[in-house]
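# please work out how this folds:
(one chain, ligands or ions: 2)
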Amino acid sequence: MEPNIPRRGMMLVLSSPSGAGKTSISRRVLAEEPELKMSVSMTTRTRRAGEAEGIDYYFVDLTTFNLMVNRREFLEYAKVFDNYYGTPRSTVEKELAGGRDVLFDIDWQGTQTLAQAARDDLVSIFILPPSTAELERRLRTRARDSLDEVARRMGRAADEMSHWPEYDYVIVNRDLEESVARVRAILVAERLRRQRQPGLAEFVKRLREGQ
Ligand SMILES: Nc1ncnc2c1ncn2[C@@H]1O[C@H](COP(=O)(O)OP(=O)(O)OP(=O)(O)O)[C@@H](O)[C@H]1O
Ligand SMILES: Nc1nc2c(ncn2[C@@H]2O[C@H](COP(=O)(O)O)[C@@H](O)[C@H]2O)c(=O)[nH]1
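Ligands and ions are numbered 1, 2, ... in the order given. Down below sits the predicted model:
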């Protein structure tokens, strides 16, 4: 990125069937990209062991969630696995206006809503597992969900994976290091897009004037 050229922030979305690895990839990319901010969603689902308020999610009850829906305080929201999830509008808009990029871990429904609202600011990546057996192995060895819940998530995986053609990029998450490097490469390239550098015309004008 050229110094002193203002640019628009982008919304970088990661979606995948549950267990394919988007949380693992997000955490690593965020640790290596200080200019990238995570969008922390609100959810009506109960907090799992190890999850922290305001880090993993904001945990709210259904009444609060519905109030925010009515006040149009979500950029997008959806029902996933019997619970509601939504992206609070205000923090994302503040980061984008400040020229910072925002990373989203949301499902295909939320991605469709963002694409309708702000296609030019959106870069979407679909993460696929290397195989169905490996997806199940990851869900089981994560040891976070009951066997019934693992079966339910596997039951939803085929339908979720059918949405891959709606995304700009697709990464098969075989090796975590490689997937992190690929997401970072997409970030670098997308930041250089002409339309994301609105200060470019002025910069080139000054260059042409010999400054
Ligand atoms: N490339 C990889 N190779 C092996 N294991 C991996 C890889 N990527 C992630 N995992 C492991 O797979 C499990 C699921 O990963 P993760 O929780 O990141 O998935 P997810 O897509 O965010 O799932 P969910 O949508 O349910 O939150 C974790 O135990 C993680 O450590
Ligand atoms: N449309 C949205 N989907 C979201 C949001 N936050 C998370 N998610 C997706 O929900 C499922 C389940 O997540 P889990 O943490 O309960 O396993 C997963 O696919 C997430 O990507 C959101 O704000 N909007």
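
# got a list of contacts for stretch 32-39?
Residues outside stretch 32-39 that contact it (CB atoms under 8 Å, 6 or more residues apart in numbering) are 12, 26, 29-30, 87-88, 91-92, 95, 100-106, 180, 184, 187. In short, each C-beta sits where N, CA and C put it, glycine included.

# try 7 Å
Under the contact criterion CB atoms under 7 Å, 6 or more residues apart in numbering, stretch 32-39 has outside partners 26, 29-30, 87, 92, 95, 100-104, 184, 187.

# can you tell me the helix or strand for whichever residue of the chain sits closest to ligand 2?
Of all residues in the chain, the one sitting closest to ligand 2 is Gly110 (2.5 Å; CB to the nearest ligand atom). Using DSSP states H and E, Gly110 falls within helix 108-118.

# circling back: was I right about the residue of the chain closest to ligand 2 contacting Phe74?
No. Gly110 is beyond contact range of Phe74, at 9.4 Å (criterion: CB atoms under 7 Å).

# which residues in the protein form helices?
22-32, 62-70, 89-97, 108-118, 132-142, 147-161, 176-191, 200-208 (DSSP state H).

# what's in contact with the longest one?
Spelled out, it's helix 176-191. 1, 10, 12, 21, 24-25, 28-29, 32-33, 123, 125, 169, 171, 173.

# how many neighbours does the closest residue to the residue of the chain closest to ligand 2 other than its chain neighbours have?
Leaving aside its sequence neighbours, Gly110 sits nearest to Glu76 (CB to CB, 6 or more residues apart in numbering; 4.4 Å). A count of neighbours around Glu76, defined by other CB atoms under 10 Å, yields 22.

# before we move on, what about Asp56?
What Asp56 shows, counting by other CB under 10 Å, is a neighbour count of 17.

# Leu114 too?
Using other CB under 10 Å, the number of residues around Leu114 comes to 20.

# follow-up on the earlier one: distance of the residue nearest to Gly110 relative to Thr87?
Separation of Glu76 from Thr87 (CB to CB, to the nearest Å): 5 Å.

# again with Gly50
Plainly put, Gly50 is 22 Å away from Thr87 if you go by CB to CB.

# who's more crowded, those two?
Neighbour tally, Gly50 and Thr87, criterion other CB under 10 Å: the higher count belongs to Thr87, 23 against 7.

# residues contacting the residue lying closest to that one once chain neighbours are set aside?
Among residues not flanking Thr87 along the chain, Leu75 sits closest, at 4.5 Å (CB to CB, 6+ apart). Residues in contact with Leu75 (CB under 7 Å, 6+ apart) are Thr87, Arg89, Val92, Leu114.

# show me which of the residues you listed is closest to ligand 1.
Using CB to the nearest ligand atom, the shortest approach to ligand 1 within the contacts of Leu75 belongs to Thr87, at 15.3 Å.

# does the helix holding Gly110 reach ligand 1?
No. Under the criterion of CB under 6 Å from any ligand atom, helix 108-118 makes no contact with ligand 1; the nearest approach is 12.0 Å.
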